[in-house]
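how would this look folded up:
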Amino acid sequence: MQALLTALISILLSPSSAIPSALPSSSSLSEPLLISPSIKNLALPTVSTNPEPEDGIICFNLTTDRVQPVDVEDCNDVIEIMLHDPSGAMTRQNFSRDEEIPNTYVVPKIWQWNQCCILLTSEEEDEVGQFRLVDAIIRAQEILAKCPPNSKASLGGIAVLGIQTFFVAVDGPHVDGPQHLGAPNQTMQLVA
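Here you go, the predicted model:
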């Protein structure tokens, strides 16, 4: 058995010119190749039809409803404005949809400039998350690094932030305004 393995390894590691002479060419095969019965019965791993990404980022695709192309350079301008938010991008603070909670950064919040729209929001009305605005900025940058370069249409994506009910979305602008993202008309338009 050891001799057989050694021979196979030496054939595989030999120059490629030796391999074609040892194998029949496709033109000399008159019958289809047969697969070993042991390979036919090999159990293949199952793949989930809706896999949960390890990094918590889901990229939009052409079948995603109402997405628009993203310009990464415009998003860099939006991120620059987010970094200079008056509340302090590095300050740990509460985020919630509930305006009654004192000292809370009210979401949903949308920053938009040209071909970039960054949304920070929560799925739950009464949820309170505690994180820094820079954490949302980092997630937006991760979306930009992963999604537009891997999309033919330069589409954005969405990422979980902190606890599972908060998320950041990066998308292109829409003519019907931020309401399409479930946000009131609370948009920060950058002035050129």
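
C-alpha only now, for contacts and for neighbours.
Fine.

Helices of the protein, start to end?
2-13, 18-22, 37-40, 72-83, 133-146 (DSSP state H).

what sits up against the longest one?
By that I understand helix 133-146. Contacts to helix 133-146, defined as Cα atoms under 8 Å, 6 or more residues apart in numbering, come from residues 57, 59, 72, 79, 82-83, 88-92, 118, 120, 156-159, 161, 168-170.

Please could you give me each C-alpha atom of that helix, formatted as PDB?
Presented in PDB, the C-alpha positions along helix 133-146 are these (Å, rounded to 0.1, in the frame of the first residue of the first chain):
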ATOM      1  CA  LEU A 133     -21.800  56.000  16.800                       C
ATOM      2  CA  VAL A 134     -18.400  55.000  15.600                       C
ATOM      3  CA  ASP A 135     -19.500  51.400  16.000                       C
ATOM      4  CA  ALA A 136     -22.200  52.000  13.400                       C
ATOM      5  CA  ILE A 137     -19.600  53.800  11.200                       C
ATOM      6  CA  ILE A 138     -17.400  50.700  11.400                       C
ATOM      7  CA  ARG A 139     -20.200  48.400  10.400                       C
ATOM      8  CA  ALA A 140     -21.000  50.700   7.400                       C
ATOM      9  CA  GLN A 141     -17.400  50.600   6.400                       C
ATOM     10  CA  GLU A 142     -17.500  46.800   6.600                       C
ATOM     11  CA  ILE A 143     -20.500  46.700   4.400                       C
ATOM     12  CA  LEU A 144     -18.800  48.900   1.900                       C
ATOM     13  CA  ALA A 145     -15.700  46.700   1.900                       C
ATOM     14  CA  LYS A 146     -17.700  43.500   1.400                       C
END
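
buried set for that helix?
133-137, 139-144, 146 (16 or more other Cα atoms under 10 Å).

Check the average confidence over that helix, would you?
Taken as a whole, helix 133-146 has a mean pLDDT of 96.
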